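1. When you get a sec, could you give me coordinates for this:
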Amino acid sequence: MKLILLLILPSVAWSYPNFISYHYTSCITCHYNPMGNGPLTDYGRAVGATVISDRVLRDKTTSDDAIGKTSGFLFMENKNDWFRPSFDYRGLTLKTNYDELNEENDYIHMMADANIVLRLGPKANKDKFIFSYTLGYAPTPRALKDNTTIEKEDNFRSREHYFGWRTSPKWGLYVGLMDKAFGIRVPDHNAFSRSNTGLSMNDQSHGMLVHYTTPAFEYAIHAFMGNLAQEATVRQTGGSGTFEWTASEKTRVGASLLSSQSDFLKQSNYAVHMRSAFGKGSSVMIEVGQQNKKAVLRGTSKTSRYIFTQNHVRLKRGLNMVNTLEYLKADTSKKEDKVLRVGPGIQYFLNQGLEFRIDIYNTKVFSETSVSDDSWDVTGQYHIWF
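-> Residues are numbered from 1 along each chain as shown. Got it, this is the predicted structure:
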């Protein structure tokens, strides 16, 4: 299970759907990308600086209004209304097999992304038309670093680039390279709901997304043709959709589906999910999903199922306890095979632009013939954005 921990590659910028606990049910409130992740809007930056983050590095007498006004690029006040640059870095300290003879320690530069957003709409609504471009650093997977027989990909790539048009406050059309619309877009890319479904950090696809939102409903339909930077034979072409219903002021329930195919692989994903808040800043998220993969040339198929649950408990402004519980059955035809993982952690936004997070993962693997010893791994994340 060590390999699963090595997939920890959080997403670009903030993509924290648990912020429903602050009454933000829809990601488009704070992100240019209506499904979350990527650069923050002016409002999203102000919310992050004044509501989500602590103010350790701020003068305690500074008002929230003043902090919000200086939440732009490099923590300054925006000098124009059309150009929005940003930068985002994440690093990871990783301890695998903690406190054992084969303990390993490593530091991983997970990502360094530079983004520009052009706000091209009329003066009354600059976000009516936007263009977003992100150039990102993608590290070579650890498993491939010493493999001389495989051609290494360029470590720098366009993480996303798309044009967005909000035809009205309810409707939006987005064309370009984006993450596929599916499930709860959590930043934990080691989660089975991300790593096992082909929806991780570098799985963006060119296509067109239609987005609709009201206080009661939100849905997105995404038609995609794979990442055009990849070989045509491995591009996953198809479509996905996600739907959410506001069951109450603090609860959203939804469902997602995805179907796609390349020359070698056909896959179908299904999921139901829920996000619910309790108290100020505390929440619980649940996603239950299934994936079917079929090898086109061989005609063989495999079905897997997963459960993702995560609970955030606000301890004080900026400081949260994070509790994650996951279940994976990688092949439903093998009755006894499954993986259980528990990941308690602490997340601290000590100031705008600074996040630290520590997680302890306990993993147990069950198979038809044996049960593994508990595996303990410790991760420390360092997130800087401006």
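2. What segments of the stretch 201-350 of the chain are strands?
-> With DSSP state E, counting those that start in this stretch applied, the stretch 201-350 of the chain shows strands at 205-213, 217-224, 237-248, 251-261, 265-278, 282-295, 301-316, 319-329, 338-351, listed in chain order.
3. Each with direction, which strands does the third one pair with?
-> Here strand 237-248 has these sheet partners by DSSP bridges: strand 217-224 (antiparallel), strand 251-261 (antiparallel).
4. roughly how far out does that strand sit from the chain middle?
-> Between the mean C-alpha location of strand 237-248 and the chain-wide mean there is a distance of 16 Å, by CA atoms, centre = their mean, to the nearest Å.
5. quick one, it and strand 205-213 angle?
-> Orientation note: strand 237-248 sits at an angle of 20 degrees relative to strand 205-213 (axes from the mean of the first three to the mean of the last three CA atoms, to 10 degrees).
6. what's in contact with strand 237-248?
-> Strand 237-248 is contacted from outside by 25, 35, 180-183, 215-226, 252-262, 269, using CB atoms under 8 Å, 6 or more residues apart in numbering. (Each C-beta comes from the backbone N, C-alpha and C, glycine too.)
7. Swap in 6 Å and give it another go.
-> For strand 237-248, the external contacting residues (CB atoms under 6 Å, 6 or more residues apart in numbering) are 25, 180-182, 216-223, 225-226, 252-260.
8. Got a ChimeraX select line for the buried ones in the residues you listed?
-> Buried members of the contacts of strand 237-248 can be picked out in ChimeraX with the line below, counting by 16 or more other CB atoms under 10 Å:
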select :25,180,181,182,218,219,220,222,225,226,252,253,254,255,256,257,258,259,260
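9. re earlier: how about JSON lines for the strands paired with strand 237-248, with distance to Gly172 added?
-> Conversion of the strands paired with strand 237-248 to JSON lines gives the following (distance: least, CB to CB, whole Å):
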{"stretch": "strand 217-224", "distance to Gly172": "9"}
{"stretch": "strand 251-261", "distance to Gly172": "18"}
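10. Any chance of JSON lines for those, columns mean pLDDT?
-> Rendered in JSON lines, the data for those read as follows (pLDDT from 0 to 100):
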{"stretch": "strand 217-224", "mean pLDDT": "97"}
{"stretch": "strand 251-261", "mean pLDDT": "97"}
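11. among these, which is nearest Asp54?
-> Distance to Asp54, taken as CB to CB, is lowest for strand 251-261 among the strands paired with strand 237-248, at 26.9 Å.
12. what angle separates that closest one from strand 265-278?
-> For strand 251-261 and strand 265-278, the angle between their directions (the same axes, to 10 degrees) works out to 170 degrees.
13. Look up the pLDDT of Asp146 for me, please.
-> Per-residue confidence at Asp146 stands at 58 (pLDDT).
14. Equivalent analysis for Tyr43, please.
-> We have a pLDDT of 92 for Tyr43.
15. Doesn't it lie inside a helix?
-> Yes - in this structure, Tyr43 lies within a helix as judged by DSSP: H, G, I helix; E, B strand; the rest coil.
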